[in-house]
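# curious how this folds, go ahead:
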Amino acid sequence: MGRGGHRGRGAGRADARRGPGADSRSRGAPDPARTVALETLTKVRRDDAFANLVLPALLDREGLSGRDAGFATALTYGTLRLQGRYDAVLTRCVDRPLEEVDGPVLDVLRLGAHQLLAMRVPRHAAVWATVDLAAHALGRGAASFVNAVLRRVSALYAQEWLDRLRREAPDATAALAQVESHPQWVVKAMRQALVSCGRGVEELPALLGADNVDPEVALCARPGLISPEALVKEAASALGGEPRPGATSPCAVVLTGGDPGRLASVRRGRAGVEDEGSQLVALLLAEAGLEGRDERWLDMCAGPGGKAALLGARAAQRGARLVATEIAPHRVRLLESAVRALPPGTVEVRQGDARDAGSQEPGAYDRVLLDAPCSGLGSLRRRPEARWRRRPADVTELAELQRELLASALRAVRRGGVVAYVTCSPHVLETSLVVGDVLKRLAREGLEAELLHAGDAATRVAPRPPAGAERQMLQLWPHLDGTDAMFCALLRRT
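Now for the predicted structure:
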């Protein structure tokens, strides 16, 4: 990232048009890639939209593909992930509290800061193109303000800004929160999660940093429908690159580029996009040792259906049947689509509240998956806006729901049957504390269960042992395992 001086508008315009995401269609039109990124950020901020749903539709609308689509995607997701860092920088470059800056102007400033501090865009081109975007979207007055602020941002290199943020932070937690772009309460929760799993707090910067890196796209080759080897060959032929088998799930294929939606196996439901950690925790339930009957399986909170499709595929291979329940109608439809390629009669999709499963069908199931609704703090690299929306109170409320669901799961499974309690969060209030509280509560009612060693089970299933394989309750980590931070506890009802 060069320091560079600022040249005139004509030179800046030419350089911007030659750079990534540039538009050559008309001299006065704003760059469509940057326009799409700004529109996405605005919808995320104003409408609580999700970037992964908004951005593809806007790219299609503008007809962007290839380099321009890649630039818009990197700009959008990078800005959302590093929003906290950029707000800390902008606070030092704006002559008023950041809360007093209009939301649309702040969106533009964040996009400009990301180009200046984290992308290979020439500095003068980043400033000019962002000012031009502000002029078209917000007017000349806003553009003048954006120009002044971004020139202050461009006065320092990215590393110089990081050093300044660390130096001026009141304490280590605040410094990590600003530099690694997480709310302070999340930083504290992640530190507590590491300690509770026997890991050192020195891993905290790497854990937070992993949330700011684009995750690889993993596919699940659904057993009996397609093999991982066949899926690797199909991906290499259709998408190019060097797709490879996964390291955490034996069903996984990791892509190195291309749109997975172009694969016939994905379109037909023989494979699906699914994080390796998500695949592994479903397989832990399917492969857990079981005595006696093994005919009825239950996925309690099954939408949108990735784990249900994997479990259903394994059930079909064993002559078992899976009941998949989901409370939200739109997620029921996603669930039905996810399992469409499985043999008829393998999966029964139901709409309903999983908290009722234990009372309606006590002891009816041999294996039960509870992928509980959670804060999603383990998948922040995939859902960058989530870190700015969640609050500590959300975790408390979700933990009570998780307790109700786990109690229902343990009532729904038969004696000797196995429950997998899963969250995509390492927060202790959603993981080990929920398990411990429910076991104590049900023991007082005469229903007992024992913890199986999920770490040992993961070692037997995974191609490479996960980082937490020595522990009874398994916690995966993005900075160590390359997966979302999935948690899994296996419980056998006794």
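
# which SSE is Leu204 in?
For Leu204, the enclosing helix or strand under DSSP states H and E is helix 204-210.

# what helices and strands are in contact with whichever helix or strand comes after that helix?
Per DSSP H and E, helix 204-210 leads on to strand 218-221 as the next helix or strand towards the C-terminus. Under the contact criterion of 3 or more Cβ pairs under 8 Å, 6 or more residues apart in numbering; DSSP states H and E, strand 218-221 touches helix 228-239, strand 252-254, strand 271-273, helix 276-287, helix 306-318. To be clear about C-beta, it is placed using only N, CA and C from the backbone, and glycine gets the same treatment.

# what's the closest of the ones you listed to Ser379?
helix 276-287 (9.0 Å; Cβ to Cβ).

# past that closest one, which element shows up next along the chain?
Later in the chain than helix 276-287, the nearest helix or strand by DSSP H and E is strand 296-299.

# can you tell me the strand partners of that following strand and which way each runs?
Taking DSSP bridges as the criterion, strand 296-299 sits next to strand 321-326 (parallel), strand 365-371 (parallel) in its sheet.

# pick the most buried one from the ones you listed.
strand 365-371 (a mean of 26; mean count of other Cβ atoms under 10 Å).

# now stretch 127-134: mean pLDDT?
Stretch 127-134 shows a mean pLDDT of 97.

# wait, I meant stretch 150-158
The average pLDDT within stretch 150-158 is 98.

# and the end-to-end length of that stretch?
13 Å (Cα to Cα, to the nearest Å).

# which outside residues touch that stretch?
Residues from elsewhere that reach stretch 150-158 (Cβ atoms under 8 Å, 6 or more residues apart in numbering): 1, 3, 6, 89-90, 92-93, 109, 112-113, 116-118, 123, 126-127, 130-131, 161, 164.

# among the residues you listed, name the ones in helices.
Mapping the contacts of stretch 150-158 onto helices (DSSP state H) picks out 89-90, 109, 112-113, 116-118, 123, 126-127, 130-131, 161, 164.

# which of those residues sits closest to Gly257?
Using Cβ to Cβ, Ala118 is the member of the ones in helices among the contacts of stretch 150-158 that lies nearest Gly257, at 20.8 Å.

# element containing the closest residue to that closest one other than its chain neighbours?
In space, and not counting its chain neighbours, Ala118 is closest to Gly78: 5.8 Å by Cβ to Cβ, 6 or more residues apart in numbering. Using DSSP H and E, Gly78 maps to helix 66-81.

# just checking, what packs against that helix?
Using 3+ Cβ pairs under 8 Å, 6+ apart, the elements in contact with helix 66-81 are helix 32-47, helix 51-62, helix 103-118.

# can you tell me which of these is most buried?
The highest average neighbour count among those, using mean count of other Cβ under 10 Å, belongs to helix 103-118 at a mean of 24.

# what angle separates it from helix 66-81?
Helix 103-118 and helix 66-81 are oriented at 110 degrees to each other (axes from the mean of the first three to the mean of the last three Cα atoms, to 10 degrees).

# so what touches helix 103-118?
Applying Cβ under 8 Å, 6+ apart, the contact partners of helix 103-118 are 1, 34, 37-38, 41-42, 45-46, 75, 78-79, 82-83, 86-87, 89-90, 94, 98, 101, 121, 123, 126-127, 129-131, 133-134, 137-138, 142, 145-146, 149-150, 153-154, 158, 161.

# show the buried residues in these.
Among these, those classed as buried by 16 or more other Cβ atoms under 10 Å are 1, 34, 37-38, 41-42, 45, 75, 78-79, 82-83, 86-87, 89-90, 94, 101, 121, 123, 126-127, 129-131, 133-134, 137-138, 142, 145-146, 149-150, 153-154, 161.

# angle of the strand or helix carrying Cys488 against strand 365-371?
Element membership of Cys488 [criterion: DSSP H and E] is strand 487-493. Strand 487-493 and strand 365-371 are oriented at 160 degrees to each other (the same axes, to 10 degrees).
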